[in-house]
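**Q** Pasting the sequence and the predicted coordinates here, then a few questions.
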Amino acid sequence: MEYLSEINEWRAYANDQRARGRRVGLVPTMGALHGGHASLFRAARAHGDVVLATIFVNPRQFNDSADLAQYPRTPGYDREMAQRNGVDCLIEPTLATMWPDYPAPTPTTVSVHGLGDVLEGAGRPGHFDGVASVVAKLISVTGPCRAYFGEKDFQQVAVVRQMVRDLAMDVEVVGCPIVRDEDGLALSSRNVLLSRAGRRRALALSRALTLVQSQPATASAQRERLRETLDAAGVVTAYAEVVDPVTLEPSTDDETGPRRAMVAGLIEDVRLIDNGPVTLAPRRS
Ligand code: PAF
């Protein structure tokens, strides 16, 4: 596995791979790698791409400095894990490389209005500006590629797809299924911040989603079930929504068919998100 950190080397590496007829698979991460990231590396390999992973804890997508300070960092483990899971080139750019103006605001920001303003965007103002701006830069340096993202961050995938369409970027966005622990908890770099009791409480997120998946009902009935399950477990619910999977607009009780259930909550001050498919059924008359 190669290690790079400088923009010119990283761009040259990707150009060279394309010149050899290979497709570049970009896996952007913030490190603290886990099985969810490994599944992205493996998906890129399965497509036959040369796998280029980035690790950069992007301060511009944190609206809370305490959250940024406590974000897990495991550089030694990450390198070993990336190598073990088929990454060809690991790129760890410095803050000065990615955001030379930081902490001053960068003069250029990518904002995806609408999709970036709801759900996570409403609770974490500026979060998706930070995500879209950094992903745009990672793609700009890498050049034409397939870019892999986990669907645990379902809204992030929607925001990136919209940005790629609107800016006509030469990128195929690949959304990969959520990876869960045996007990149902969606893998997240933040899970390590939970105590044992907190982790047990966090299972309410996946339990709520399983419950609504198993029993089709109206959007408001599903929202109520999600919220009740989270409340009963003592999760401080940020949102418990049922939305259109493309526009992320809240579903109404007149709608039927497949939609997405989206939940977010605080457990021991750690913000966790999860989501899953849900079917809406007509109101009983
Ligand atoms: O999902 C993440 O880890 C981050 O939001 C991303 C896509 C690497 C951008 O910083």
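**A** Thanks, I have the structure now.

**Q** how deep is the closest residue to residue 59 other than its chain neighbours tucked in, by neighbour count?
**A** With sequence-adjacent residues excluded and distances taken as C-beta to C-beta, 6 or more residues apart in numbering, residue 59 is closest to residue 68, at 5.6 Å. To be clear about C-beta, it is placed using only N, CA and C from the backbone, and glycine gets the same treatment. For residue 68, the neighbour count with other C-beta atoms under 10 Å is 14.

**Q** do residue 93 as well
**A** For residue 93, using other C-beta under 10 Å, the count is 20.

**Q** So it: helix, strand or coil?
**A** When classified by DSSP: H, G, I helix; E, B strand; the rest coil, residue 93 comes out as coil.

**Q** hang on, the earlier thing: so who does the residue nearest to residue 59 touch?
**A** 57, 59, 62 (C-beta atoms under 8 Å, 6 or more residues apart in numbering).

**Q** I'd like those residues laid out as CSV, including distance to the ligand.
**A** Listed next are those as CSV, based on distance: C-beta to the nearest ligand atom, whole Å:
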residue, distance to the ligand
57, 8
59, 10
62, 10
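
**Q** My read is that residue 249 contacts residue 243, right?
**A** Yes: if you go by C-beta atoms under 8 Å, residue 249 and residue 243 touch, sitting 6.2 Å apart.

**Q** Show me which residues of the lowest-mean-pLDDT helix or strand in the chain are buried.
**A** Least confident element among the helices and strands of the chain, by mean pLDDT, DSSP states H and E: helix 65-70 (a mean of 95). Using 16 or more other C-beta atoms under 10 Å as the test for burial, helix 65-70 gives residue 67.

**Q** Sort out which residues of the very next helix or strand once past it are buried, please.
**A** Sequence-wise, the next helix or strand downstream of helix 65-70 (DSSP states H and E) is helix 75-84. Neighbour counts over helix 75-84 (16+ other C-beta under 10 Å) mark 78-79, 81-82 as buried.

**Q** Taking those residues together, which two end up most distant?
**A** 79 and 81 (7.3 Å; C-beta to C-beta).

**Q** about what we covered before: who has more neighbours, residue 249 and residue 243?
**A** Regarding residue 249 and residue 243, a neighbour count based on other C-beta under 10 Å identifies residue 243 as having more, with 23 against 13.

**Q** Give the helix, strand or coil label for the residue of the stretch 151-285 of the chain found nearest the ligand.
**A** Closest residue of the stretch 151-285 of the chain to the ligand, C-beta to the nearest ligand atom: residue 153 (5.2 Å). At residue 153 the chain is in helix, as set by three-state DSSP.

**Q** quick one: contacts of stretch 266-275?
**A** Stretch 266-275 is contacted by residues 67, 120, 151-154, 178, 186, 188, 190-191, 193-195, 198, 201-202, 205-206, 209, 234-236, 238, 260-265 when judged by C-beta under 8 Å, 6+ apart.
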